[in-house]
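>>> Here's my sequence, what's the structure:
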Amino acid sequence: MPEAAANEDRPDTPPLESPELYINRELSLLEFNARVLEQAKDPDVPLLERLKFLCISSTNLDEFFEVRVAGVVQKAEMGSATTEADNIAPGDLLQSISRRAHALVDDQYRTLNEELIPELEQAGIRFLRRSEWNESQRRWLAEYFEEELLPVISPLGLDPAHPFPRILNKSLNFIVSLEGKDAFGRNSGYAIVQAPRALPRLIRLPPDKTDSGPHDFVFLSSVIHAHVEDLFPNMRATGCYQFRVTRNSDLFVDEEEVDDLLRAVAGELPSRRYGDAVRLEVAHNCPAHMTEYLLERFMLDADALYQVDGPVNVNRLMAILDLVDRPDLKYPPFTPRLPAALGPGADLFGEIRRGDVLLHHPFDAFLPVIEFVRRAAADPKVLAIKQTLYRTGPDSAVVDALVAAAEAGKEVTVVVELRARFDEADNIALANRLQEAGAHVVYGVVGYKTHAKMTLIVRRENEGLRHYVHLGTGNYHPKTARLYTDYGLFTCDDVVGNDVHELFLQLTSLGKISGLEKLIDAPFQLHKTMLAKIGREAEHARAGRPARLIAKMNALVEPQTIRALYAASQAGVEIDLIVRGICCLRPGVPGVSDNIRVRSIVGRFLEHTRVFYFANDGDAELYLSSADWMDRNFFRRVETCFPVEDESLRARVLRDLDTYLADNCQAWELQSDGTYRHCRPGPDEAPTAAQAALLRAAAE
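Alright, predicted model coming up:
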């Protein structure tokens, strides 16, 4: 028996259900956001890309409050006991979130003010404060205010006839303190100014009219500050402070009680703008009595207040990447690999018949996936196309091909997930478009999100009907396919084709399939199958056989799976986990997780692949999946997990995993206390960045 197996019997090891063995998922998610922010500080990252990472960390934090914090607040208000494995009460968790989130926000603004803005200025990209405007800039901005802002701004004085207005989620607003009386003799002291949503938050100063540099910008908030008294004639503004409120943005749709899910989701979307407030951001110099007034209006306590030294909507700085043409300050462009056998004009179906085809995006082009549907739409031998769509974007080449296929008279069936968070409006629009073209559109199964990524093409050939299949770990979204890492597999394996056919029947019809032969599906088989395979590795270890497990995913949360990994570690299984974001497992706990290592890769691309490898005593198994190891993926979503059986393709994925495990530049190792340590090359080690290595391999 391996020495590590003795850990199972150590009397000093805590039970595997002990709360101290589990990291809270919300706090783990905040740590992921901190790792994203570290990219904004990294001098090896191009300057404008550093600004982008800062904006991403801000956007991530917005969504964290809109969804995750909002949910914890609701539990705390209802007095709910925690149902999480870490056993932290909702009220205590909110305090821990507040402490970590405040530190993170302070770090964001320190990075912006002390690092990025000075370095951008050195590179000729300037954000000019009001105190820095020259006379010609003042004149031009005064005209801009008069012509572009004044006609669309509606300042709101606050008095009994003018109650505090409804404030849109994440909109830019100002609270203004005033002295004097208006034409009716009124002065309540306060007014609210709401920035027009249609106007850009960054204004480029024209060099020829303002004696400015080519990349000089002014914040819209600065222009409103400078001219706020023009909104209140004959009154004096004694203070003007920007603020922004973040609201609960989760949609509530009782699917059991609606007869048309599309109409129900569409009806709920407007409420997202005015959900319960969960966070208030205000200018750092806003007086205490005014912040207290705002907190009272939004029914928030002091823990929900974030006073910031800079724009309250940092993510709007993302516009700079499009406004400034400076390739030297961005990542070098790359051309994804496109084998000739998969390019335009190639016999794509013939190539798939010759053997399975694996693509690793963005290192491999996404074009073959689009061509797969386009060829099917134009091919007279293709009888039917079935596809799932979770996130695909408002202007999708994939949807264009599906529309063309439907208009050509083919049987087109599309399972559209209307509840893909924050993409609901786009998905409603594409569902309507597909229906108008004659496609059969369904919205999945009540109570379960359809998160599986699969396409089935039925083609008549000499031997009869053949199924061509694409299965993926990521969405059918050409834009994110250049930003996210994902695997996609083409196959015409008869068994896989029949499994996918059965899954589509289960989604679009009624009834119960008897079972799948090669694919593993959630919510029925995936959880129990993963537990069984982890347990099998543990049995190999207990029998003295080598045991190895590698799993790469976006999040690891589900407690039973974590307990199975702990038990496997105790048995002596060597376990490497590559978890991009949330990880509730604690590695390196003596007697529990000594044999588990957890790392997170944060780099140019968002790691999105899900890969599960089980050594199985020499009869190895390798799976790709649309599912993370989370409760929602196992039990509340329709997911697919599919094997890679071709030996050369399996070897390629394993080489990719080895590359990620060797990363000593963009990898972060999770410590047993829940913190992450940034990996750095040792004195005798060569620097290895996995994503850069995969880009080089694609170029070669």
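>>> give me the number of residues near residue 45?
Residue 45 has 19 neighbouring residues, counting by other Cβ atoms under 10 Å. Where C-beta positions appear, they are placed from N, C-alpha and C, glycine not excepted.
>>> Break down the stretch 401-550 of the chain into its strands, ranges please.
411-416, 440-442, 449-450, 454-461, 464-472, 484-491, 520-522, 548-553 (DSSP state E, counting those that start in this stretch).
>>> With mean neighbour count and mean pLDDT added, can I get those in TSV?
Below are the strands of the stretch 401-550 of the chain laid out as TSV (neighbours: other Cβ atoms under 10 Å; pLDDT from 0 to 100):
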stretch	mean neighbour count	mean pLDDT
strand 411-416	22	90
strand 440-442	18	87
strand 449-450	22	88
strand 454-461	20	96
strand 464-472	20	97
strand 484-491	24	97
strand 520-522	23	96
strand 548-553	24	98
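>>> Out of those strands, which is closest to residue 373?
The minimum distance between residue 373 and the strands of the stretch 401-550 of the chain falls on strand 454-461, with 6.8 Å, by Cβ to Cβ.
>>> Can you give me the buried ones in the lengthiest strand in the chain?
Scanning the chain for the longest strand, with DSSP state E as the assignment, gives strand 236-247. Neighbour-count burial for strand 236-247, with 16 or more other Cβ atoms under 10 Å as criterion, is recorded at 237, 239, 240, 241, 242, 243, 244, 245, 246, 247.
>>> closest to residue 653 among the residues you listed?
For the buried residues of strand 236-247, the nearest to residue 653 is residue 246 (39.6 Å; Cβ to Cβ).
>>> Residue 288: neighbouring residues, count only.
7.
>>> actually residue 381, not the one I typed
Residue 381: 14 neighbours (other Cβ under 10 Å).
>>> shouldn't it be in contact with residue 458?
No: with contacts counted by Cβ atoms under 8 Å, residue 381 stays clear of residue 458, the gap being 9.7 Å.
>>> State the pLDDT value of residue 4.
pLDDT, residue 4: 44.
>>> Apologies, that question was intended for residue 536.
pLDDT, residue 536: 98.
>>> contacting residues for it?
Going by Cβ atoms under 8 Å, 6 or more residues apart in numbering, residue 536 touches 614, 616.
>>> how far away is it from residue 650?
Using Cβ to Cβ, to the nearest Å, residue 536 is found at 18 Å from residue 650.
>>> Might you list the low-confidence residue ranges for the stretch 451-600 of the chain?
For the stretch 451-600 of the chain, applying pLDDT under 70 flags the ranges 510-511.
>>> Sorry, wrong one. I was asking about the stretch 151-300 of the chain.
Ranges of the stretch 151-300 of the chain meeting pLDDT under 70: 159-162, 181-188, 250-274.
>>> those strands in it, which residues are they?
Under DSSP E, counting those that start in this stretch, the stretch 151-300 of the chain gives strands at 156-157, 173-179, 190-194, 202-204, 216-219, 236-247, 277-283.
>>> closest one to residue 98 among the strands of the stretch 401-550 of the chain?
When those are compared (using Cβ to Cβ), the closest one is strand 548-553, at 28.5 Å.
>>> Let me know the angle separating that closest one from strand 484-491.
110 degrees (axes from the mean of the first three to the mean of the last three Cα atoms, to 10 degrees).
>>> Quick check: buried residues in stretch 326-335?
Buried, per 16+ other Cβ under 10 Å, within stretch 326-335: 326, 329.
>>> cool, and stretch 442-449?
Per 16+ other Cβ under 10 Å, stretch 442-449 contains these buried residues: 442, 443, 444, 445, 448, 449.
>>> same question, stretch 110-123
Buried-residue list, stretch 110-123, by 16+ other Cβ under 10 Å: 111, 112, 115, 116, 117, 120.
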